[in-house]
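# model this:
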Amino acid sequence: MTNQMHIDYSITLIIGITFSAFASGCDRPVDGKGGPAPRIVRTVEITHPERRSVSRSVGEPGELEAFETTAIHAKIAGYVKTWTVNIGDTVQKGRILAELSVPELEAELKQKQAAVEQAIAKHQQAKSAVRVAEANTAGAEAKIVEVRAGTRRVEADLARWKAEFRRIEDLHAVRAQTGTLLDETRSKLRSSEAACEEIAAQIKSAEVALIQTQAALDAAHADVVAASSTIDFAKADAKTVEANLAYTKIEAPFDGVVIQRNVNTGDLTQPGADKPPLFVVARSDIITIRVNVPESFAVDVNTGDRAVVKLQELKDKTVEGKVTRVSWAIDPKVRTLRVEIDIPNPGGKLQPGLYAYATIVAEEHLNALTLPATAVVTEQGRSYCAVVVAGKAVRRPIEIGIGDGILTEIVSGVDRNDSVIKSNAASLADGQSVEIIDPAKPAPNRAAP
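This next block holds a predicted model:
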């Protein structure tokens, strides 16, 4: 048992000595003469943080489209009388592109216009009837006034003869007057009573006549209202035909260019959008490019963001615009956001259908402190760069902002005086000796550590 323990201890001691010698040899390399090897120094290129503009953008292909493209169909059936434009023609809003012939509509319009004139004549006749009724009513009212004036006269006469009859009757009773005078006075009294009854009858007759004339006046006023309504109805009926007749003139809906013509003289047009359009007109003063932005950039793109559109077929000509509309909803099939950019097109030089590449600047910081993207290392959510201090590479934690793949914004951690290693900072150990390359001289040929 003791011998076995001694053997194990000897083996362990030998292994420990061997590992120590190996480690010592690795830590201090020797040259060919047995001395220590010279320490290896990395050569690096440095840069300094600079104030520059940096942006975060997304670029996507798209195609130019007219801001509006309208297919023009016929509203009514008719024969094409004339057409005035062809493909490629520039038109202004309201220009007559073609005219249809519909004779039955023209005849119907004349009929409706005649009906309007007839209604106007009836209206004038009704107004004349009102004036007649008003005159009759005034006459009836005057008659009542006249009759009532006679009433006061006959009533006074009746009262006189009543008094006279009583006086003669009293005298006859005492035999102061003869019976003949009494009979004459009674006759006069009865005549006065009859006159009063006649006047009362005349008043009733005049009142009935007044009621009749007032009713006739009301009826005449109603006839005027009815005639006026007839005029309105006839005019509306005529306007309907006029509106339909206006559809015989095919007009341009806006300023633009005719891109299709599917009509010839004598063609019979059929109403409805399911038929081929007579013309197709595209608006030319504004061109729209529609692009699909990936979901990863969707939350960053907003209306008003600057956009640069490159046109491949025009020798990579670039045109600047702004994001005009954002669909807001992500397309669940392709996980993209629909974005539209309107570009002014004076002179109509940009044509629909041209291929384009739109770069949308989602975020832009002017005069930001920046470093080349190659100088920044991000590991486990933390960023750093390597700064040369006293001939050694020192890792410096930094806070970064936005980047465009070439430049990275530095929020904090370095300033403009720091000498930052331009690339491969991750391959340098913290505190490793480095030598700065003079850009005017070629780099020395040294082996990598």
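
# Tell me how many other residues surround the closest residue to Ile398 other than its chain neighbours.
Using Cβ to Cβ, 6 or more residues apart in numbering and skipping the chain neighbours, the partner closest in space to Ile398 is Gly413 (3.1 Å). C-betas here are computed from N, CA, C, even on glycine. Residues within reach of Gly413, counting by other Cβ atoms under 10 Å, total 18.

# my read: Gly413 touches Pro397, true?
Yes: using Cβ atoms under 8 Å, Gly413 and Pro397 qualify as a contacting pair, with a distance of 5.8 Å.

# Give me the common contacts of those two.
Counting by Cβ atoms under 8 Å, 6 or more residues apart in numbering, the common neighbours of Gly413 and Pro397 are Tyr384.

# Point to the residue nearest the middle of the protein.
Centroid-nearest residue in the chain, with Cα atoms, centre = their mean: Arg325, separated by 10.8 Å.

# is it true that that residue touches Asp305?
No: between Arg325 and Asp305 there is no contact under Cβ under 8 Å: 11.6 Å.

# who touches Arg148 in this structure?
Ile203.

# And what about it, helix, strand or coil?
What DSSP: H, G, I helix; E, B strand; the rest coil gives for Arg148 is helix.

# how close does it get to Leu217?
21 Å (Cβ to Cβ, to the nearest Å).

# buried residues in stretch 145-164?
147, 151, 154, 157-158, 161 (16 or more other Cβ atoms under 10 Å).

# separation between Arg290 and Lys315?
Distance, Arg290 to Lys315, by Cβ to Cβ: 23 Å.

# And the two? Which one has more around it.
Arg290 (17 against 6).

# quick check: domain ranges of the chain?
Per the record, the chain has its domains at 2-32, 43-56+368-436, 69-102+248-279, 104-246, by automatic domain parsing.

# shaky segments in the protein?
Across the chain, the ranges flagged by pLDDT under 70 are 1-40, 150, 152, 158, 169, 172, 174-179, 182, 438-449.

# go with 80
By pLDDT under 80, the low-scoring segments of the chain are 1-41, 140-141, 143-207, 209-210, 312-316, 438-449.

# follow-up on the earlier one: could you say which one of the domains of the chain comes nearest to Lys349?
Closest of the domains of the chain to Lys349 is domain 69-102+248-279, at 11.9 Å (criterion: Cβ to Cβ).

# Count the neighbours of Arg95 for me.
Neighbours of Arg95 under the rule other Cβ under 10 Å: 16.

# hey, where'd the strands end up in the stretch 151-300 of the chain?
Secondary structure of the stretch 151-300 of the chain by DSSP state E, counting those that start in this stretch: the strands cover 249-251, 256-261, 268-269, 279-283, 286-294.

# ranking those by burial, who's on top?
Sort the strands of the stretch 151-300 of the chain by mean neighbour count, taking mean count of other Cβ atoms under 10 Å, and strand 279-283 sits at the top with a mean of 22.

# Could you spell out the sheet neighbours of it, each with its direction?
Strand 279-283 has the following strand partners under DSSP bridges: strand 69-72 (antiparallel), strand 256-261 (antiparallel).

# Contacts for it, please.
66-72, 85, 91, 97-98, 250, 252-263, 352.

# one more time with 6 Å, if that's ok
With contacts defined as Cβ atoms under 6 Å, 6 or more residues apart in numbering, strand 279-283 is touched by 66-72, 97, 252, 254, 256-261.

# Stretch 249-267 now?
For stretch 249-267, the surrounding residues in contact (Cβ under 6 Å, 6+ apart) are 70, 80, 83, 85-87, 89-99, 276, 278-284.

# Count the neighbours of the nearest residue to Val91 once chain neighbours are set aside for me.
Spatial nearest neighbour of Val91, excluding adjacent residues (Cβ to Cβ, 6+ apart): Ala252 at 4.2 Å. Counted with other Cβ under 10 Å, the neighbours of Ala252 add up to 21.

# how much space between Ala252 and Ile259?
From Ala252 to Ile259 the distance is 12 Å (Cβ to Cβ).

# Kindly report the same for Leu350.
14 Å.

# and if you look at Glu313?
Taken as Cβ to Cβ, the span from Glu313 to Ile259 is 18 Å.

# Same question for Gln124.
Using Cβ to Cβ, Gln124 is found at 55 Å from Ile259.

# so which of the domains of the chain gets nearest Arg338?
When the domains of the chain are compared for distance to Arg338 using Cβ to Cβ, the nearest one is domain 69-102+248-279, at 17.7 Å.

# would you list every one of the helices in the stretch 101-250 of the chain?
103-173, 179-246 (DSSP state H, counting those that start in this stretch).

# Any idea how far the first one is from the middle of the chain?
Same thing as helix 103-173. Distance of helix 103-173 from its chain centroid, counting by Cα atoms, centre = their mean, to the nearest Å, is 64 Å.

# repeat for stretch 214-227
51 Å.

# what sits up against it?
Outside stretch 214-227, the residues within contact range by Cβ under 6 Å, 6+ apart are 122-123, 126-127, 129-130, 133-134, 137.

# thinking again about what came up before, dump the helices of the stretch 101-250 of the chain to JSON lines, plus distance to Ala358.
Output for the helices of the stretch 101-250 of the chain, formatted as JSON lines (distance: least, Cβ to Cβ, whole Å):
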{"stretch": "helix 103-173", "distance to Ala358": "50"}
{"stretch": "helix 179-246", "distance to Ala358": "42"}
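
# Quick one, which of these gets closest to Val299.
Closest to Val299 of those, according to Cβ to Cβ: helix 179-246, at 49.8 Å.

# thinking again about what came up before, mind checking the strands paired with strand 279-283 for the one nearest to Ile231?
Across the strands paired with strand 279-283, closest to Ile231 is strand 69-72 (Cβ to Cβ), at 35.6 Å.

# buried residues in that closest one?
Quick answer for strand 69-72 (16+ other Cβ under 10 Å): 70, 72.

# What are the contacting residues of that strand?
Strand 69-72 is touched from outside by 253, 277-282, with contacts defined as Cβ under 6 Å, 6+ apart.

# out of those, what pair is the most spread apart?
Within those, Leu278 and Ala282 form the most distant pair, 14.9 Å apart (Cβ to Cβ).

# Among the domains of the chain, which comes closest to Ile343?
In terms of Cβ to Cβ, the element of the domains of the chain nearest to Ile343 is domain 69-102+248-279, at 15.7 Å.

# and stretch 105-113, C-alpha only, in CSV?
C-alpha atoms of stretch 105-113 as CSV (Å, rounded to 0.1, in the frame of the first residue of the first chain):
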residue,chain,number,x,y,z
LEU,A,105,-83.0,62.2,-76.6
GLU,A,106,-83.0,65.4,-78.6
ALA,A,107,-86.7,64.9,-79.6
GLU,A,108,-87.6,64.1,-76.0
LEU,A,109,-85.9,67.3,-74.8
LYS,A,110,-88.0,69.4,-77.2
GLN,A,111,-91.1,67.7,-75.8
LYS,A,112,-90.1,68.4,-72.2
GLN,A,113,-89.3,72.0,-73.0
